[in-house]
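Asks: build me a structure from this.
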Amino acid sequence: MTSILITGASDAKAYRLQQYVKGDIIIFADHQDLPQLPSSSRKFIKIPQGDAPTYAHELLSVCLDHQVSKVYPLHKTEVFALSEAAILFAEYGITLVIPDQQWLNQYAGDSTYDTSNVIVLEDNKITGGNFPAELPIPQEQMNGIFNFTFHNDEIKLTLFTI
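Replies: All right, here's what the predicted structure looks like:
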């Protein structure tokens, strides 16, 4: 059984992302209080804020407790905190669907809040979103959740965050 964790559960973007990812159990998490609605396929849990000094370690503990195999972080602070802990999560077999630190340092300031053009990339393969199949995948990025736009016949990716 595959469990995935999507953060930012207090925002509608988390539920939009749910349409594009695959998992038997979906765990929604946020640092804000969440409703405890009965569901056999989804859970709601509270996690620390992404800028907390112990965020990555506490999230790793949550992932291990809930047997999470993939994490889709949506708060920008979480993405940056997890990019620094990517090796730690990988050692436990947990995939972080985030861009690498180099891409973040260069492009993360361009994040958008649009939910209409979403692409989920994992190992440079489209695993979700509404990206037109006939368009080439931008080569500069391997993993992450992005909005995409077209500028002068080029595909521009921006971080999909809350």
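
Asks: what bridges to the nearest residue to residue 89 once chain neighbours are set aside?
Replies: Of all residues not flanking residue 89 in the chain, residue 96 sits nearest, at 5.3 Å (CB to CB, 6 or more residues apart in numbering). Placement of C-beta: from N, CA and C, glycine included. Going by DSSP bridges, residue 96 is paired in beta bridges with residue 71.

Asks: which ones are touching residue 96?
Replies: 70-71, 73, 82-83, 86, 89-90, 143 (CB atoms under 8 Å, 6 or more residues apart in numbering).

Asks: TSV please, covering these and showing secondary structure and distance to residue 161.
Replies: Putting the contacts of residue 96 into TSV (DSSP: H, G, I helix; E, B strand; the rest coil; distance: CB to CB, whole Å) gives the following:
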residue	secondary structure	distance to residue 161
70	strand	17
71	strand	14
73	coil	8
82	helix	12
83	helix	13
86	helix	17
89	helix	19
90	helix	22
143	coil	15
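
Asks: for the residues you listed, pick the one with the most neighbours.
Replies: Each of the contacts of residue 96 was scored for neighbours by other CB atoms under 10 Å, and residue 73 scores highest at 28 neighbours.

Asks: for residue 154, see how far away that one is.
Replies: 27 Å (CB to CB, to the nearest Å).

Asks: hmm, which of the contacts of residue 96 is lowest in pLDDT?
Replies: In terms of pLDDT, residue 143 ranks lowest among these, with 89.

Asks: separation between it and residue 106?
Replies: Note on residue 143: its distance to residue 106, by CB to CB, is 15 Å.

Asks: show the contacting residues for the most centrally placed residue in the chain.
Replies: The centroid of the chain falls nearest to residue 72 when counting by CA atoms, centre = their mean (2.4 Å). Counting by CB under 8 Å, 6+ apart, residue 72 touches 4-7, 17, 21, 97, 120, 145.

Asks: if anything else comes up later, I'll come back, but that's it for now.
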